[in-house]
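> Provided below are the primary sequence and the corresponding predicted coordinates.
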Amino acid sequence: MIYHDSKIEFASLADATEIALLSREYIEYNLGWEYTPQKIAQLIRHEAKNVVVARDKQQLVGFGIMTYREEEANLDLLAVRLQHRHRGVGRRIVNWLEKVALTAGIITIYVQVREINTGAIKFYQRLGYRVVKQHHGYYQGRETALFMAKDIRRRQ
């Protein structure tokens, strides 16, 4: 089921705590908590990053954070509340961020995924990302990360 009612928009500083809590619950579980409300607020203010949220009515149901460089971007974090998954929310967030990246002249987007997170790996593969590298001990020296990449240039 596609979730057409959700709206993608830039995050505000008022969203920082909720984004941080979602990161801790869905991304950073068993790893500690790097993306605290203070860190998220810094990222929202950062000029080389976009922090976006998906809302259903007024409820924040997901978020994404992208860092932009010259020709590459990195999808730093992406999370969707469990009860809102499989409704197209994550896909819409990634598509929104990819469109901005394409407009900015980005060629390749990278994302790092915990190897144990098979759901996320399959999600990114469906969106056209492919595994380009495996890094043992990437997460706190104890968990393996898969580095995935996607060329977003329009095909002629």
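All right, it came through fine.

> Contacts only, for the residue most central in space within the chain.
The C-alpha lying nearest the average C-alpha coordinate of the chain belongs to residue 78 (C-alpha atoms, centre = their mean; 2.6 Å). Neighbour list for residue 78: 62, 63, 64, 65, 90, 93, 94, 111 [criterion: C-beta atoms under 8 Å, 6 or more residues apart in numbering]. C-beta here means a position set from N, CA and C on the backbone, and glycine is covered the same way.

> Tell me which residues touch residue 144, please.
Counting by C-beta under 8 Å, 6+ apart, residue 144 touches 114, 115, 134, 135, 136, 137, 138.

> With residue 145 as the reference, measure out to the first one.
Counting by C-beta to C-beta, to the nearest Å, the separation of residue 114 from residue 145 is 6 Å.

> got any residues that touch both of the two?
Both residue 114 and residue 145 are in contact with residue 139, where contact means C-beta under 8 Å, 6+ apart.

> got a list of contacts for the top helix by length along the chain?
If you go by DSSP state H, the chain has its longest helix at helix 89-103. For helix 89-103, the external contacting residues (C-beta under 8 Å, 6+ apart) are 3, 6, 8, 50, 52, 54, 61-64, 66, 68, 73, 75, 78, 80, 109, 123, 127, 150, 152-154.

> List only those of the residues you listed flagged as buried.
Taking 16 or more other C-beta atoms under 10 Å as the criterion, what is buried in the contacts of helix 89-103 is 3, 6, 8, 50, 52, 54, 61-64, 66, 68, 73, 75, 78, 80, 109, 123, 127, 150, 152.

> from the residues you listed, which ones fall inside helices?
Counting by DSSP H, the buried ones among the contacts of helix 89-103 contribute residue 123 to helices.

> what residue ranges in this protein score low on pLDDT?
Applying pLDDT under 70 to the chain picks out residues 1-5, 154-156.
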